[in-house]
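J.: okay, here's the prediction I keep looking at, along with the sequence it came from:
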Amino acid sequence: MSKGLISILLLVVSNVFMTFAWYGNLKLTELKINTDWPLILIILSSWGLAFFEYTFMIPANRIGSQINGGPFSLMQLKIIQECVSLTVFTVIVATVFKGEPIRWNHLVSFTCIVLAVVFAFWKTK
C-alpha cells in the first residue's frame, strides 16, 4: 500500500475521533446522557477522545509528508486533511445527527473544498 493511501486512511480514522471529540458531547446531550455533567467533565472526556485523534493524525502527517519521504507537501497534507475532515463530518452528521439537514449551500461549500484539493495538486512551473 502506498504512503499516500496509508496517510489518507489514517487521516480518515483520526477525523472520526476528532468529530466525536468535538461534537459527540452534543449527541450525548440530545440523548440526555450528559445533561447534568459539569463542563469540565465534558471537556476532559473530549480531550480523552482527542488523544486517539492525535495517535492517528501524527503518523498520517509523518508518513505522508515529503519531509519523511512521503508524497505530499505540507500544504497538500493540510488541504487533504480539511477535505477528509469535512467528508467525515458530513457522513457523521447525516447518520448520527439525523435532524441536521444538509442543504444545497453546504454542498456548494464542500465542492469549493474539493476544488481546493484539485488546485493544491495542480502542477505549476
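T.: Yep, that arrived. Please read these numbers as outputs of a predicted model, since none were measured by experiment.
J.: and the helix ranked longest in the chain, what does it pack onto?
T.: Taking DSSP state H as the criterion, the chain has its longest helix at helix 3-30. Where contact means 3 or more Cβ pairs under 8 Å, 6 or more residues apart in numbering; DSSP states H and E, helix 3-30 is packed against helix 39-64, helix 74-95. Where you see a C-beta, it was placed from the backbone N, CA and C, and this is true even at glycine.
J.: elements contacting the longest one?
T.: I take that to be helix 39-64. By 3+ Cβ pairs under 8 Å, 6+ apart, helix 39-64 packs against helix 3-30, helix 74-95.
J.: how far away from the center of its chain is that helix?
T.: Mean C-alpha position of helix 39-64 versus that of the full chain (Cα atoms, centre = their mean, to the nearest Å) differs by 11 Å.
J.: taking helix 74-95 as reference, get the angle to the longest helix of the chain.
T.: Counting by axes from the mean of the first three to the mean of the last three Cα atoms, to 10 degrees, helix 3-30 lies at 40 degrees to helix 74-95.
J.: pull out the buried positions in helix 3-30.
T.: Of the residues in helix 3-30, those buried by neighbour count under the rule 16 or more other Cβ atoms under 10 Å are 3, 7-8, 10-11, 13-21, 23-25, 28.
J.: cool, and stretch 116-125?
T.: Within stretch 116-125, the residues that count as buried by 16+ other Cβ under 10 Å are Ala120.
J.: got a list of contacts for that stretch?
T.: Here stretch 116-125 makes contact (Cβ atoms under 8 Å, 6 or more residues apart in numbering) with 75-76, 79-80, 82-83.
J.: restricting to C-alpha, output that stretch in CSV.
T.: Output of stretch 116-125 as CSV, limited to C-alpha atoms (Å, rounded to 0.1, in the frame of the first residue of the first chain):
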residue,chain,number,x,y,z
ALA,A,116,-9.0,23.4,-3.2
VAL,A,117,-7.6,19.9,-3.2
VAL,A,118,-7.5,20.0,-7.0
PHE,A,119,-5.7,23.3,-7.0
ALA,A,120,-3.3,22.2,-4.3
PHE,A,121,-2.1,19.3,-6.6
TRP,A,122,-2.1,21.5,-9.8
LYS,A,123,1.4,21.4,-11.2
THR,A,124,2.8,24.9,-11.6
LYS,A,125,6.1,25.9,-13.1
